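Undergrad: Predicted model, plus sequence, below.
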Amino acid sequence: MLKSLLAAASLIAMAAPALAQTDIRFTLGWKTQGSDAPILLAQQKGYFEEEGLNVTIDQGEGSAATVTRIMSGTYDAGFGDINAIIQNAAERPDQTPVMVYQLWNDPPFTVVTRKESGITTPADLAGKTLGGAPGTPTTKLLPVFARMNDVDLDSITIESLAPNLTEPMLIRGDIDGAMVFNITAWFNLINNRQDPAADFNWLNFGDHGLDLYANGVMVSQAMIADNPEAVTGLVRAINRAAVEIAQDHEAGVDAVLAFDNLANRDLEMARMMFSYENLIASDEVTRIGLGDLDDDRLSRAIDIVAEGYQLQTTPEAGQVFDRSFLPPLDDRQLVLAD
């Protein structure tokens, strides 16, 4: 009997996930938002645990700050902007994290204007006043946007604004356009009792020559070197949740509220769907699947960032993105339910 019990216990131990799970410190890109749902659902449903991972998730300080948080050693992984990886890889290639799951296939960088201003094309920005927070990708890349669209940058007046003043000043007419992230400004306008679809025009950079990527899951180089299996498990769990949310939207927002019960359900459901419909889903994702990217497009994006940020060196694509941790293509197919 004793031998039978010992044998059974041994089999159970072999079949169960390892009790000594790998600890991963993960930073979000900002305060809890619906766009974080794939990470939060993977946590809530135990997908990380199934991969042998003990993931601790903290709120962030900005999608660019995710990079510096990981570089400091405080975090092992996070959700942040690939363009910030490009910037830092130009100066500190041995310390900069690597993108391993590219979630936002289209960039959120945009100039938003009131429809009554009559600004509908980049050419209409000539002679106008734009406001935005200094140092953000939209502000830093405006000169490239202007060059690519034959707009005289010297004809545009630029005002540096605190982020919380940008939309209010646009609404009052103190500026003609705001240099923002669409996924942020859209909901800031709603919170200011505006209709972002009916009353505003959006000059998205991705539609006007700046074919950039944006946020995804990045990990430290130390984690890649020391525990590649953990990186694979992290990516697999988040991809599993991202695919699931595309079909079960309620599950996604449930996970957001489970992580932060002060979040507004309706607002974060709308933000989550905005991210899927405007930033994640694309013809490219249909072709190559969630998490991956096009190497030629990434090389062009690196050149754009190098110009906009006046980088002294241009990193190679392999320093920025590593697809070797992605699940098979069949597991990364996005089917977005109505």
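TA: Structure received.
Undergrad: Can you pull the phi/psi pair for the residue most central in space within the chain?
TA: Nearest residue to the geometric centre of the chain (C-alpha atoms, centre = their mean): Asn215, 2.1 Å. Backbone dihedrals for Asn215, given as degrees, to the nearest 10, come out at phi -80, psi 150.
Undergrad: quick one: it and Gly80 touch, right?
TA: Yes. The pair Asn215 / Gly80 is scored as a contact, 6.1 Å apart, by C-beta atoms under 8 Å. All C-beta atoms are positioned from the backbone trio N, CA, C, and that covers glycine.
Undergrad: Show me the common contact partners of the two, please.
TA: Contact criterion C-beta atoms under 8 Å, 6 or more residues apart in numbering; residues shared by Asn215 and Gly80: Gly29, Ser63.
Undergrad: Correct me if wrong: Gly29 contacts Gln59.
TA: No. Contact status for Gly29 versus Gln59: not in contact, 9.0 Å apart, counting by C-beta under 8 Å.
Undergrad: which one of those two has more residues nearby?
TA: When Gly29 and Gln59 are compared for neighbours, Gly29 comes out ahead with 23 against 14, by other C-beta atoms under 10 Å.
Undergrad: quick one: the strands in the stretch 151-300 of the chain?
TA: Using DSSP state E, counting those that start in this stretch, the strands of the stretch 151-300 of the chain run over residues 157-160, 177-181, 200-204, 215-219.
Undergrad: could those strands go into a markdown table alongside mean pLDDT and distance to Thr129?
TA: Shown next, in a markdown table, are these (pLDDT from 0 to 100; distance: least, C-beta to C-beta, whole Å):
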| stretch | mean pLDDT | distance to Thr129 |
| --- | --- | --- |
| strand 157-160 | 97 | 4 |
| strand 177-181 | 97 | 8 |
| strand 200-204 | 98 | 15 |
| strand 215-219 | 98 | 29 |
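Undergrad: Please identify which of those is closest to Val305.
TA: strand 215-219 (14.4 Å; C-beta to C-beta).
Undergrad: Which strand or helix spans Thr56?
TA: Element membership for Thr56, per DSSP states H and E: strand 53-58.
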